[in-house]
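> give me a model of this one.
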Amino acid sequence: MDYSIRPDGILLSEPDLDLNETLDCGQAFRWTKTASDYECTYEGSFLNSRLVISQLRPGEFLLHGVSEEEFLGKWLSYFDLDTNYSELKRQFSEDETLSKACSFAGGIRLLRQDSWECLVSFIISQNNNIPRIKGIIGRLCDKYGGRFPEAEELATETPDTLAYLRSGFRAKYICDASSRTAAGITSLSGIAEMPIDSARKALMEIKGVGPKVAECVLLYGMHRTEAFPIDVWIKRVLAAYYPDGFPEYAAENAGIAQQYLFHYIRSISGRTE
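Reported below is the predicted structural model:
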């Protein structure tokens, strides 16, 4: 990773990043692709700071209007730019299937998201599709002036007052997560430091948080890279390619490996969404 400061923002060079693969793969839901003269441009938010980022060409990006202080203090971590993904992909590629997956979508990176926003987002994601998830989260942020509300704010809501979200059964789960977190019954910062099995158990004390949502929160919201979300696509991968178990050498970063596998198996199965 390298960067330089320009009058119009930060010019970033990172060969192991592709915006389409990273921002539109289902790990974060507040990014929107917009029209531009560049290869692609996305607008989005992290910790309620807005960012417009363009991919100028493969491996080169412009973070529009961002100062060096903002880049180093927020966006460098968010895009996990301190992690050597070339080395991770080299390690993963000792396995034939992972090698193909890394070659297919080598620009995916794990976003280091806020644990609270991630928890609510993946509660909303249950039995849902990406456009609808984005719509629900968009309506929630609109209600709170364009920012993602804190747990203390959402704790004042009820399933009835959240009817405008059109989130269905998920509203009661949002309320439970909010009240538990606001009251300190659930400490997300504490969970992030727990042994992984204890962390899973603690998250699943929240209504509506099952194994998959817990793994997603651990991986995307707490950067526990050993977490391994399993959905129907990953079940197919495990059954077809790893009937005797996932490679042990990849266990420490299994969640990152899962990102490559998820994208790969959906694509070779003919899924275009």
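> and the residue nearest to S99 when sequence neighbours are not counted, how many residues sit next to it?
Nearest residue to S99, sequence neighbours excluded (CB to CB, 6 or more residues apart in numbering): S93, at 3.8 Å. Any C-beta I mention is one placed from the backbone N, CA and C, and that applies to glycine too. Here the number of neighbours of S93 (other CB atoms under 10 Å) works out to 16.
> now do the contacts for K235.
Not one residue lies near K235 by CB atoms under 8 Å, 6 or more residues apart in numbering.
> sorry, back to before: which pLDDT value belongs to the residue nearest to S99?
You'll see S93 listed with a pLDDT of 94.
> and for S103?
According to the prediction, S103 has pLDDT 93.
> isn't there a helix covering it?
Yes: applying DSSP: H, G, I helix; E, B strand; the rest coil, one finds S103 inside a helix.
> can you tell me how far it sits from F92?
Using CB to CB, to the nearest Å, one gets 10 Å for the distance from S103 to F92.
> and these two? which has more neighbours close in?
For S103 versus F92, neighbours defined as other CB under 10 Å are more numerous around F92 (23 against 12).
> coming back round to it: touching, the residue nearest to S99 and A101? I think so.
No: in this structure, S93 is not within contact of A101 by CB atoms under 8 Å, at 9.1 Å.
> residue contacts, the residue nearest to S99?
S99, C102, S103.
> which parts of this structure are strands?
Applying DSSP state E to the chain gives strands spanning 2-6, 9-13, 32-34, 40-46, 49-57, 60-64.
> reformat the ones you listed as CSV; add mean neighbour count, mean pLDDT and distance to L218.
CSV is the format used below for the strands of the chain (neighbours: other CB atoms under 10 Å; pLDDT from 0 to 100; distance: least, CB to CB, whole Å):
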stretch, mean neighbour count, mean pLDDT, distance to L218
strand 2-6, 12, 98, 29
strand 9-13, 19, 98, 28
strand 32-34, 13, 96, 26
strand 40-46, 18, 97, 18
strand 49-57, 17, 97, 24
strand 60-64, 19, 98, 28
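> redo these as CSV? Include distance to E117.
Shown next, in CSV, are these (distance: least, CB to CB, whole Å):
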stretch, distance to E117
strand 2-6, 26
strand 9-13, 23
strand 32-34, 16
strand 40-46, 9
strand 49-57, 12
strand 60-64, 20
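> so which of those comes closest to C118?
Checking these against C118 by CB to CB gives strand 40-46 as the closest, at 10.9 Å.
> okay, that closest one in PDB with CA atoms only?
Output in PDB follows, covering the C-alpha atoms of strand 40-46 (Å, rounded to 0.1, in the frame of the first residue of the first chain):
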ATOM      1  CA  CYS A  40     -16.300   3.200 -10.700                       C
ATOM      2  CA  THR A  41     -17.200   5.500  -7.800                       C
ATOM      3  CA  TYR A  42     -18.900   4.700  -4.500                       C
ATOM      4  CA  GLU A  43     -20.400   6.900  -1.800                       C
ATOM      5  CA  GLY A  44     -20.800   5.600   1.700                       C
ATOM      6  CA  SER A  45     -20.300   6.100   5.400                       C
ATOM      7  CA  PHE A  46     -18.300   4.700   8.300                       C
END
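> can you list the strands that that strand pairs with?
According to DSSP bridges, strand 40-46 forms sheet pairs with strand 32-34 (antiparallel), strand 49-57 (antiparallel).
> of all these, which lies closest to V232?
Proximity to V232 (CB to CB) singles out strand 32-34 among the strands paired with strand 40-46, at 25.5 Å.
> what does that closest one contact?
The set of residues external to strand 32-34 that reach it, using CB under 8 Å, 6+ apart, is N20, L23, D24, C40, T41, Y42, E43, G44, V52, K134.
> tabulate the strands paired with strand 40-46 (a markdown table), appending distance to G65.
Shown next, in a markdown table, are the strands paired with strand 40-46 (distance: least, CB to CB, whole Å):
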| stretch | distance to G65 |
| --- | --- |
| strand 32-34 | 15 |
| strand 49-57 | 7 |
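> which of the ones you listed sits closest to F262?
Of all the strands paired with strand 40-46, strand 32-34 sits nearest to F262, with 19.6 Å by CB to CB.
> now that closest one: how far from the chain's centre is it?
16 Å (CA atoms, centre = their mean, to the nearest Å).
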